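using only what follows, build the 3D model:
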Amino acid sequence: MNFKHISFLLILLLIISGCSTKEKITKKVINEFENAPTWVKAPKLDKYINDVGSSDSSNESFIVQRDEAIEDAKANLYRKITTKLSNIFYLIGKKYMQDEVYLQKIEDANNELVSNAVNEARITKLWKSNKNNIYIMASADISKLKKDLQTMVKTSFKEFKSIEAEYRLLLEQGSIDIELNN
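Below you'll find the predicted structure:
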């Protein structure tokens, strides 16, 4: 056998062994979610904004692990609601996006609304995987958030004359509901 044949065989063996290792790792990850409830992969609970947090089994007690999963779920929920509200504030105030006062008011309103929603969020689901990892779904009430948003628009954006009218228009068109429900 010459050097080219040996090199070719070595490369072929490396490729085959690399693929089989990757396949085994993928199977291990998939197996944890094999019997997972649907909400773990796609958190959905009608009338709520939902997100999932998790904690791995390296923690000593169930309580510590659960608390870490709750914290993770609420952090994920915070990011999700922040994005949704930022989109809404952009839609209702497009013409003010260069105004620094408006931008600061958006940031303040967004922080207050999101903090309130996450603090009032409920833990609606819990699942412990076959690897003893905990998954928790946190849910924020959309109708409460919508009510708080409407109050915020009326009280905090008075100097921006068209904001409340634009909010009402988007509400009537269903754009606010679409953003909050997706």
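
check residue 155 and give its pLDDT.
On the pLDDT scale, residue 155 is placed at 89.

how is the protein divided into domains?
Domains of the chain are assigned by automatic domain parsing as 1-32, 38-181.

reformat those domains as a markdown table; add mean neighbour count.
All C-beta spots, glycine's among them, are computed from the backbone N, C-alpha and C. Output for those, formatted as a markdown table (neighbours: other Cβ atoms under 10 Å):
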| stretch | mean neighbour count |
| --- | --- |
| domain 1-32 | 10 |
| domain 38-181 | 16 |
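
compare the mean pLDDT across the ones you listed and name the weakest.
The stretch with the lowest average pLDDT out of those is domain 1-32, scoring a mean of 54.

quick one: secondary structure of residue 51?
For residue 51, the reduced secondary structure class is strand; criterion used: DSSP: H, G, I helix; E, B strand; the rest coil.

what about it, distance to residue 85?
Using Cβ to Cβ, to the nearest Å, residue 51 is found at 14 Å from residue 85.

what about the helices in this structure?
3-32, 38-41, 62-92, 100-120, 142-156, 163-173, 175-181 (DSSP state H).

pull up the gap between residue 104 and residue 158, please.
Relative to residue 158, residue 104 is positioned 15 Å away (Cβ to Cβ).

quick one: contacts for the residue nearest to residue 180 when sequence neighbours are not counted?
Leaving aside its chain neighbours, residue 180 sits nearest to residue 142 (5.1 Å; criterion: Cβ to Cβ, 6 or more residues apart in numbering). In this structure, residue 142 makes contact with 47, 48, 49, 180, 181, judged by Cβ atoms under 8 Å, 6 or more residues apart in numbering.

does the third one touch residue 82 like I think?
No. Assessed by Cβ atoms under 8 Å, residue 49 is found out of contact with residue 82, at 10.8 Å.

tell me who's in contact with residue 33.
40, 41, 129.

so which of the helices of the chain comes closest to residue 136?
Comparing those by their distance to residue 136 (Cβ to Cβ), the top pick is helix 62-92, with 4.3 Å.

could you say what helices and strands that closest one packs with?
In terms of contacts (3 or more Cβ pairs under 8 Å, 6 or more residues apart in numbering; DSSP states H and E), helix 62-92 is packed against strand 48-55, helix 100-120, strand 122-128, strand 134-141, helix 142-156, helix 163-173, helix 175-181.
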